[in-house]
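Engineer: with the sequence up front, the predicted model follows.
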Amino acid sequence: ATNAALESRLAGLAYCDTVLDVTWLTDANAIAGSAWDDGPSTSDGLVSWHSALDWASNLTVNGIGGWNLPSMDADGDDVVVDCRDIPEAVCRDNPYGYMFYHNGVTGVSPGPFAPHLQAYGYWAETETVPYEDIIAWLFTFGEGIQHPLGKTFFRHAWAVRSGDIAIFENGSLSQPLE
């Protein structure tokens, strides 16, 4: 069911995954060319983990903040699940894996995230226990694999926000918060 749970928000600037109740920035390489783009080129979108975290936490889209990098341990139990061979409900703990394996969004088939989704590694906010000081997780949209990597390496960053951003359409609440 490719893209079955993805609904456009903010006139196409974001997409809500209605199953995970998160909103993804449509431009999966929006960091490219920004002040946080600290990789080999200042316009390629390759960044260190610390720059990726800082960028996401400072991001505003149509006046809406609260963005971050996706967690690969959404339930906080210190287990990073690999979505390749597990039930859909268990994979919900890993938004990147869910995007790839259940929404069908890949580097080859980026769906509404074309042309910005890269078939390369994307940083997650999740650090690798017990090496939190130096290693974090990443997910690769070319092959659908995940692995830890040193935080000083350069990879891509994709912003996500908890909840459905539709409640903030046009910069104000369009429905009351519950």
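Structural biologist: Everything's here; your move.

Engineer: all strands of the chain, in order?
Structural biologist: Along the chain, the stretches classed as strands by DSSP state E are 6-9, 14-17, 22-25, 67-68, 121-127, 135-140, 145-150, 160-162.

Engineer: and for the residue nearest to residue 65 when sequence neighbours are not counted, the neighbour number?
Structural biologist: On the basis of C-beta to C-beta, 6 or more residues apart in numbering, the spatially nearest residue to residue 65 that is not a chain neighbour turns out to be residue 59, at 6.9 Å. Any C-beta I mention is one placed from the backbone N, CA and C, and that applies to glycine too. As a burial measure, the neighbour count of residue 59 was computed by other C-beta atoms under 10 Å and equals 20.

Engineer: confidence score at residue 59?
Structural biologist: pLDDT, the model's per-residue confidence, is 97 for residue 59.

Engineer: with residue 1 instead?
Structural biologist: 46.

Engineer: can you give me the end-to-end distance of stretch 131-147?
Structural biologist: Start and end residues of stretch 131-147 are separated by 13 Å (C-alpha to C-alpha, to the nearest Å).

Engineer: how far out from the middle of the chain is that stretch?
Structural biologist: Counting by C-alpha atoms, centre = their mean, to the nearest Å, stretch 131-147 is centred 12 Å from the centre of its parent chain.

Engineer: residues of that stretch that come out buried?
Structural biologist: With burial defined by 16 or more other C-beta atoms under 10 Å, the residues of stretch 131-147 counted as buried are 135-141, 144, 146.

Engineer: quick one: contacts of that stretch?
Structural biologist: When contacts are defined by C-beta atoms under 8 Å, 6 or more residues apart in numbering, stretch 131-147 is touched by residues 49, 70, 72, 80, 82-84, 94, 96-97, 100-101, 105-108, 110, 117-128, 148-151, 155.

Engineer: repeat that with 7 Å
Structural biologist: Surrounding stretch 131-147, the residues in contact under the criterion C-beta atoms under 7 Å, 6 or more residues apart in numbering are 49, 72, 80, 82, 84, 96-97, 100-101, 106-107, 117-124, 126-128, 148-151, 155.
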